[in-house]
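> Sequence plus the predicted model coming up.
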Amino acid sequence: MRSVLRLDPQNTYAMADEAFSLLRSARPKEAKSFAITALEHRPDSYERAALLAAIVFELGGYSEAERLAQQATTKMSKAVLSNSNAGTVRLTLIAAAAQLQHEAIKKSALADLADSVPTLTSLGAIRNWMSPQAGLYGYEPLGPGKSKVLTQFERTVRTMQVEGV
């Protein structure tokens, strides 16, 4: 993507692709500026909002990640939200809400996820459901196939199972 950006530095599709590549390479600080510019040029894009949400979550910007993930999910149809690639933005929303202790948002997002993908009855099922192309899949250096988002999501689900929610 860098070669495309050298030829056309205003190509926001290439910027979004570069941001995704940098995120997958555990370089969210570098990814953020590309993702911001890409979203500024297509503010209606749920894909770009979801990408930026994952990036800022990785950087510890939980409030912004929650806002961006909510922005993305409100623009997505039920079919898209159940998709194993695009639908993973709900995991970002759940994890950000958990970090911020926004219980109502967290529980609502978990319920929405369970409603749109009823087969997700365990953490293993969620891992199997996630597409390898999903923004959350396998870019975190802290563990194979795990991001901070998924780690927080797992903690949230375990806590809710213990509480009987």
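Alright, I've got the coordinates.
> shaky segments in the protein?
Across the chain, the ranges flagged by pLDDT under 70 are 1-10, 122-123, 133-154, 156-165.
> which residues of it fall in helices?
2-7, 12-24, 28-41, 46-58, 62-74, 78-81, 89-100, 103-116, 123-129, 148-163 (DSSP state H).
> For those, could you give me CSV that also reports mean neighbour count?
Glycine gets a C-beta too; all of them are placed from N, C-alpha and C. Converted to CSV, these look like this (neighbours: other CB atoms under 10 Å):
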stretch, mean neighbour count
helix 2-7, 11
helix 12-24, 21
helix 28-41, 19
helix 46-58, 26
helix 62-74, 21
helix 78-81, 14
helix 89-100, 27
helix 103-116, 17
helix 123-129, 14
helix 148-163, 17
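> With adjacent residues omitted, what lies nearest to Asp112?
Here the nearest residue to Asp112 in space, its sequence neighbours aside, is Arg90; by CB to CB, 6 or more residues apart in numbering that works out to 6.7 Å.
> Contact partners for the one you found?
Ala69, Thr73, Leu81, Ala109, Asp112, Leu113 (CB atoms under 8 Å, 6 or more residues apart in numbering).
> Ala65 and Thr119, how far apart?
Here Ala65 is placed at a distance of 26 Å from Thr119 (CB to CB, to the nearest Å).
> Equivalent analysis for Glu47, please.
Glu47 is 24 Å from Thr119, by CB to CB.
> Repeat that for Ala97.
In terms of CB to CB, Ala97 sits 23 Å off from Thr119.
> just Ile36 next, same as before
35 Å.
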